[in-house]
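1. got a predicted model here, sequence first, then my questions.
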Amino acid sequence: MTAAATVPPSPLAEDRKVLLSRLVEGLDGNSLWWLSGFAAGLAQGNPPPSLAIIPGGQAGQSVQSRLTVIYGSQTGNARRAAEQLAADVEATGLPVRLLRADAYPTRELANERLLYIVISTQGEGDPPDDAIGLVEFIASKRAPKLPQLKYAVLGLGDSSYAEFCGIARTLDTRLAELGATRLQPTAEADLDIDTVAVPWRIQALADARANLSEAASPAPSNVTPLRHASAYTAQHPFTAEVLSRQVISGRDFKGPAYTRYGVANKSVHHLELSLEGSGLHYEPGDALGIVHRNPQPLVESVLAATGLNGDTEVSHDGHARPLSQWLAEHRELTRISRPLLINVGERSNHAELTRLLEPEHKAELTRVFDDHQLVDVLRRWPAEWSAEALVSTLRPAAHRLYSIASSRKRVGEEVHITVDELRYDAHGSAHQGAASSFLAALEEGGSLPVFIEANERFRVPADSSRDIIMIGPGTGVAPFRAFVQERAETGATGRNWLFFGARHFNSDFLYQTEWQDALRRKELHRLDLAFSRDQADKVYVQQRLRTRGRDLYDWLQNGAHLYVCGAISMGKDVHAALLDVVREHGGLDDDGAREYLTQLHTEGRYGRDVY
């Protein structure tokens, strides 16, 4: 194992270290890189002229002649789309500022003249975590009237969810209610983002030119950001070698099957991959992007359901490939979408599917999204398909993100992930997950395409004396393995408290021996467990939170950071439990409890990674 590079000892006095920690706490990556460039300029004897900020947020710039781009992003797609837009505008010589939603000073909204919002929708119509405060402000009675504002909204989402791009539509409607002028209709981008985002961006750029003075230019700056740009992305991933894959669920730790794998309702894998030579860097809290290949049984099931020949050559988007290759490498075969169902309905003329797509049957349609894969749709509503029609109808394959379960300071040029292999029976046949099955079949010495997806709102505190509370049932515990490793390797003095839950202690206690070792070494200070099926009455993590509510609230009052990782439904249940905790132990009413947790979000002390 290669040792990670160490940071040289700080030459700062202790009081300066404390001030620096306070300065950088909560800053996103862009802000930190800007700060690094600012410091580099000072070191070279070239201080910038002035840091005085006029209303609008950028020195020497009038709010009337500047575009503001705000993004709210959970997995990085909205951030990248906003960065591209800002870069296009800046390339024309027009002044633009780019801000993450939680960094936007809401008091400035009343004076904005030109505003573009790029925002994703999470789960069933929820905003991304970094946009919760902004969305709540715009929806509230405190939001100002905006007759002077011109705006446009780009929404990103996944049409397999009923509330596809719901937050974008909500913001668009609310800004219009406040008197703002819509420059173009809300754009709603599915997983194939560029299909919608590129035309929207072209129009947005034209509107910016029309509304801003061509003579205006960004304020001069002597600051040169020192941002590290990786050569590897989702479009150009790095090929990582598999160092190890180990099943970490299914053992009976106490019974007669000890040391043997038995029948278990889950198969969870721990993978260790080499990043040697890639130059890829990650921090605890980031995700590893996986560019997977659809397993052959999935491909064969789709071919059987459509009656098509996998050897048929298909030309699409300037590429000619056999149909089987399109399905294995370039098309989404598990997640379904509303456009897919509309297309199937038009081809099949099934009255049942037509009825499901009507607005009044939203609940039934949601159940179809929840438990149908592509092959279920093709079997339930059969239609005549050509190979070309199938390829053009299916969505492009989407990469998957897995929370990183390691700290580079401990594992060097490796990255570890935790994978729950999805296998289940439904609609009379066996089903499997696309990416999880691909990963579960990898052997030592194999390889897979990967990239790093930064998650700047899900980081250990810059002030290492802060306590942290980690809530991660099931594979949601993965990033907290990285958090505990990072805090141990950096000598953090703050305490670490983990809440973990699963079905059974004997078979589902992920990384059990590691947590026990961490407790002995004082790298983990508290561990609360909830195994829901080990007793007659089911016990979940959220019940443990309520039981430990007094201590939990005291930790938060003393500056602790709170983190939640796992399924969206679990995140909602945990949030409800946290509201109960702060209501009871903080003596707050419902509105006060909500404001308390919103303030934690705003301060960067409540991070969520839910999926």
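-> That came through, no problem. Numbers count the residues shown, from 1 in each chain.
2. show me where this structure dips below the pLDDT cut-off.
-> Across the chain, the ranges flagged by pLDDT under 70 are 1-64, 213-230, 251-265.
3. one more time with 80
-> 1-65, 123-124, 160-162, 213-231, 250-266 (pLDDT under 80).
4. closest to the centroid, which residue in the chain?
-> Note on the chain: the residue nearest the mean C-alpha position is residue 75, at 2.8 Å, using Cα atoms, centre = their mean.
5. what about residue 570, how many residues nearby?
-> Residues lying near residue 570 (other Cβ atoms under 10 Å) number 21. In short, each C-beta sits where N, CA and C put it, glycine included.
6. pretty sure it sits against residue 476.
-> Yes: contact criterion Cβ atoms under 8 Å: residue 570 and residue 476 qualify, at 7.1 Å.
7. mutual contacts of the two, please.
-> residue 564 (Cβ atoms under 8 Å, 6 or more residues apart in numbering).
8. for residue 280, helix, strand, or coil?
-> Following DSSP: H, G, I helix; E, B strand; the rest coil, residue 280 is assigned to coil.
9. name the nearest residue to it, ignoring sequence neighbours.
-> Closest residue to residue 280 apart from its sequence neighbours, by Cβ to Cβ, 6 or more residues apart in numbering: residue 452 at 5.3 Å.
10. please report how far the one you found lies from residue 140.
-> Distance of residue 452 to residue 140, given as Cβ to Cβ, to the nearest Å: 36 Å.
11. higher neighbour count, the two?
-> More crowded of residue 452 and residue 140, by other Cβ under 10 Å: residue 452, with 23 against 10.
12. what about the strands in the stretch 351-500 of the chain?
-> 400-403, 414-421, 423-426, 429-432, 447-453, 468-471, 496-502 (DSSP state E, counting those that start in this stretch).
13. need the winner for burial among these.
-> With neighbours defined as mean count of other Cβ atoms under 10 Å, the strands of the stretch 351-500 of the chain peak in mean count at strand 468-471, which reaches a mean of 26.
14. run through who's touching that strand.
-> Strand 468-471 is contacted from outside by 460-461, 477, 480, 483, 487, 494-499, 541, 545, 552, 555-556, 560-566, 574, using Cβ under 8 Å, 6+ apart.
15. now do the contacts for the residue lying closest to residue 266 once chain neighbours are set aside.
-> Take residue 266 and drop its neighbours on the chain: the residue closest to it by Cβ to Cβ, 6+ apart is residue 249, 5.1 Å away. Contacts for residue 249 (Cβ under 8 Å, 6+ apart) come out as 264, 266, 267, 268, 507, 508, 510.
16. quick one: the last one from residue 566, how far?
-> This means residue 510. Taken as Cβ to Cβ, the span from residue 510 to residue 566 is 12 Å.
17. can you check the second one too?
-> Taking Cβ to Cβ as the criterion, residue 266 is separated from residue 566 by 14 Å.
18. can you pick out the residue with more neighbours from the two?
-> Per other Cβ under 10 Å, whichever of residue 266 and residue 566 has more neighbours is residue 566, with 24 against 19.
19. residues in contact with that one?
-> Residue 566 makes contact with 471, 472, 473, 474, 475, 476, 610, 611, according to Cβ under 8 Å, 6+ apart.
20. give me the sheet partners of the host helix or strand of residue 528 and which way each runs.
-> For residue 528, the host element (DSSP states H and E) is strand 526-531. Strand 526-531 has the following sheet partners, assigned by DSSP bridges: strand 496-502 (parallel).
21. and the contacts of the partner strand?
-> By Cβ under 8 Å, 6+ apart, the residues outside strand 496-502 that reach it are 467-474, 477, 480, 483-484, 487, 508-510, 515, 523-532, 540-541, 544-545, 555, 560.
22. how far does that strand sit from its chain's centre?
-> Put simply, strand 496-502 sits 21 Å off its chain's centre (Cα atoms, centre = their mean, to the nearest Å).
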